[in-house]
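S.K.: I would like to see how this sequence folds:
(one chain, ligands or ions: 1)
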Amino acid sequence: MRTPFVVGNWKLNKTIAEALAHVTEIKNQLGAVKGVQVGVAPPATAIYAVGKRLEDSAIAVCAQDAYWEPNGAWTGELSPQILQDAGASWIIVGHSERRQHFNETNETVGKKARAVIGCAIGAIVCVGETLAERDAGRTLGVIDAQLAGALEGVTNTELLVIAYEPVWAIGTGRTATPAQAQEVHAHIRTQLAGRYGAETSQKVRIQYGGSVKPSNAAELMSQPDIDGALVGGASLEAADFIAIVKAARPS
Ligand code: PGA
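M.R.: Numbers count the residues shown, from 1 in each chain. So this is what the prediction gives:
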């Protein structure tokens, strides 16, 4: 009942020319894939060009972050409105690299999620524990605190996607096992049910992210509460990304 959503997060990679070549290959090869929603998140400098290239395609252009103010004296920042103007229809917020290196907190992630959804743009809200937190048995408590901060004041769940990304699995080649991921995804859905009601919680997509590759994608996404993937490294190779999208097709 939930359409899987697979998004490639290119992070700080690809010039405009490289982004166009990459997305053209993805578009040409995924044109016929049905039953999966696909998105690409290029660096902000390439959003406009990639969006133009995807005008006649169902592939969504996503941004990797946004500030919560619409405009004003905020040197260097980009707002949801300005990213939407460039062509973004989804925005990732609270990625662990932003939390780790750019001091984002559960509170600021919440401000961003509210600003994005308030502009009628989809928000992909990232949550996930560090290795130390997992080893200390704190995984679910950390996720709960992240969800509480990020979802404060968020009411339009149609524009909400959660991405569970264990920090220890991002860029490390170490993937959560399907059972480990499913346990947290099921917990997230229970939290969503507490906040929005059981029926609504069944409609919210929860992506898995962290070293997703063609060899593990199908098993991860076959778990009952895993509704797609947020793919970093493997999304930089068209063949790998395409294989992951195909692995998300409902059988
Ligand atoms: P990875 O990154 O696939 O390279 O582990 C995932 C992410 O950061 O979204």
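S.K.: Run through the residues of this structure sitting next to the ligand.
M.R.: Residues of the chain found near the ligand (C-beta under 6 Å from any ligand atom) are 9, 165, 170-171, 209-212, 230-234. C-beta: built from backbone N, CA, C; applies to glycine.
S.K.: Widest-spaced pair of the residues you listed?
M.R.: Farthest pair in those (C-beta to C-beta) is 165 and 234. Separation: 13.7 Å.
S.K.: of these two, who's got more company?
M.R.: Using other C-beta atoms under 10 Å as the criterion, residue 165 and residue 234 rank with residue 165 on top: 28 against 20.
S.K.: still on that earlier bit, report the buried members of the residues of the chain next to the ligand.
M.R.: Buried members of the residues of the chain next to the ligand, scored by 16 or more other C-beta atoms under 10 Å, are 9, 165, 170, 209-212, 230-234.
S.K.: just to revisit the earlier point, mind checking which of the residues of the chain next to the ligand are in helices?
M.R.: If you go by DSSP state H, these have nothing in helices.
S.K.: Now for residue 113: which residues touch it?
M.R.: Residue 113 makes contact with 93-94, 123, 125, 150-151, 154, 160, according to C-beta atoms under 8 Å, 6 or more residues apart in numbering.
S.K.: Pick the one among the residues you listed closest to the ligand.
M.R.: residue 94 (11.2 Å; C-beta to the nearest ligand atom).
S.K.: Please report how far the closest one lies from residue 123.
M.R.: Residue 94 is 9 Å from residue 123, where distance means C-beta to C-beta, to the nearest Å.
S.K.: Find the residues that touch each one of these two.
M.R.: 112-113.
S.K.: Residue 226 should be in a strand, yeah?
M.R.: No: when classified by DSSP: H, G, I helix; E, B strand; the rest coil, residue 226 is found to be coil rather than part of a strand.
S.K.: Could I get the full set of helices for this structure?
M.R.: Under DSSP H, the chain gives helices at 16-30, 47-53, 80-86, 96-101, 106-118, 131-135, 139-151, 178-196, 198-201, 214-221, 238-247.
S.K.: quick one: buried residues of the first one?
M.R.: Spelled out, that is helix 16-30. Quick answer for helix 16-30 (16+ other C-beta under 10 Å): 19-20, 22-23, 26-27, 29-30.
S.K.: just checking, residue 91 touches residue 116?
M.R.: Yes: counting by C-beta atoms under 8 Å, residue 116 is a contact partner of residue 91 at 4.7 Å.
S.K.: what about these two, which has more around it?
M.R.: Using other C-beta under 10 Å as the criterion, residue 91 and residue 116 rank with residue 116 on top: 31 against 27.
S.K.: so what's that one closest to, chain neighbours aside?
M.R.: residue 123 (4.2 Å; C-beta to C-beta, 6 or more residues apart in numbering).
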